[in-house]
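In: mind looking at a prediction? Sequence and model below.
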Amino acid sequence: MSDRKFPKERIKRPPKPLDSSRLQELALAYVARFSTTAAKLETYLKRKLRERGWDDEGEPDLSAISARYVDLGYIDDALYAKAKAGGLLGRGYGPRRVTQALYAAGVSEEIRDNLAPGDLAKREAVQTMARKRRFGPYFVGTLEPDRREKQIAAMLRAGHGFDNVRLVINARNVQAVDEWVSEAREEAAQASSFDTGFED
């Protein structure tokens, strides 16, 4: 038997409880690393307090910490929401899923309402999903009723409205979907041109 000595396992020490200074450091590191909202920062800090405890006078004022970073411009809920909504729509998720994600991130109802996608964005998103997942006319082969129902269910779960889902799934070919999206694009361009023409 070998007399070789193995090093003793290191005993992992519990992290030090947080105080005001360490809490501020955690908050700054978080906003420097992640695009976030005020609510998400507060949720993160609450989790850290549960894990490590608090060792300072009074109770930590998480709202004041997040408000400070909002004032400094490190957190902008509207900017975060716009980027998040655009990213989800661009990946083929529907407006209902976008709203759920923004709600979960603590984005206010006012901001969510302001970012509600228009008809063109909705059509482009449902087309993107159908194309990526090869649903409806993008499917190669015969679309059996059972598979069709599964495709509809998947698109509804992704947050798309039933009318748009049904239209894409029932489209006779890919060109019909392209034309449907193009109609909304032309309408959006006309509306934009009209608005611009009557600006002060």
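Out: Right, received. Where do you want to start?
In: with just CA atoms, put the lowest-mean-pLDDT helix or strand in the chain into PDB.
Out: Counting by mean pLDDT, DSSP states H and E, the chain has its least confident helix or strand at helix 174-197, which shows a mean of 86. The C-alpha trace of helix 174-197 is given here as PDB (Å, rounded to 0.1, in the frame of the first residue of the first chain):
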ATOM      1  CA  VAL A 174     -45.100  30.100 -50.000                       C
ATOM      2  CA  GLN A 175     -45.800  32.900 -52.500                       C
ATOM      3  CA  ALA A 176     -49.300  33.400 -51.000                       C
ATOM      4  CA  VAL A 177     -47.600  34.000 -47.600                       C
ATOM      5  CA  ASP A 178     -45.100  36.400 -49.100                       C
ATOM      6  CA  GLU A 179     -47.900  38.400 -50.800                       C
ATOM      7  CA  TRP A 180     -49.800  38.500 -47.500                       C
ATOM      8  CA  VAL A 181     -46.700  39.900 -45.700                       C
ATOM      9  CA  SER A 182     -46.000  42.300 -48.600                       C
ATOM     10  CA  GLU A 183     -49.600  43.700 -48.400                       C
ATOM     11  CA  ALA A 184     -48.900  44.700 -44.700                       C
ATOM     12  CA  ARG A 185     -45.600  46.200 -45.700                       C
ATOM     13  CA  GLU A 186     -47.100  48.400 -48.400                       C
ATOM     14  CA  GLU A 187     -49.900  49.500 -46.000                       C
ATOM     15  CA  ALA A 188     -47.300  50.400 -43.300                       C
ATOM     16  CA  ALA A 189     -45.200  52.300 -45.900                       C
ATOM     17  CA  GLN A 190     -48.300  54.300 -47.100                       C
ATOM     18  CA  ALA A 191     -49.300  55.100 -43.500                       C
ATOM     19  CA  SER A 192     -45.700  56.300 -42.800                       C
ATOM     20  CA  SER A 193     -45.700  58.400 -45.900                       C
ATOM     21  CA  PHE A 194     -49.100  59.900 -45.000                       C
ATOM     22  CA  ASP A 195     -47.900  60.800 -41.500                       C
ATOM     23  CA  THR A 196     -44.700  62.300 -42.800                       C
ATOM     24  CA  GLY A 197     -46.600  64.400 -45.300                       C
END
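In: what's next to that helix, contact-wise?
Out: 118-120, 123-124, 127, 130, 136-138, 167-168, 171 (C-beta atoms under 8 Å, 6 or more residues apart in numbering). Glycine gets a C-beta too; all of them are placed from N, C-alpha and C.
In: rerun that using 10 Å as the cut-off
Out: With C-beta atoms under 10 Å, 6 or more residues apart in numbering as the test, helix 174-197 has contacts from 118-124, 126-128, 130-131, 136-138, 164, 167-171, 173.
In: where does the chain have low pLDDT?
Out: By pLDDT under 70, the low-scoring segments of the chain are 1-9, 194-200.
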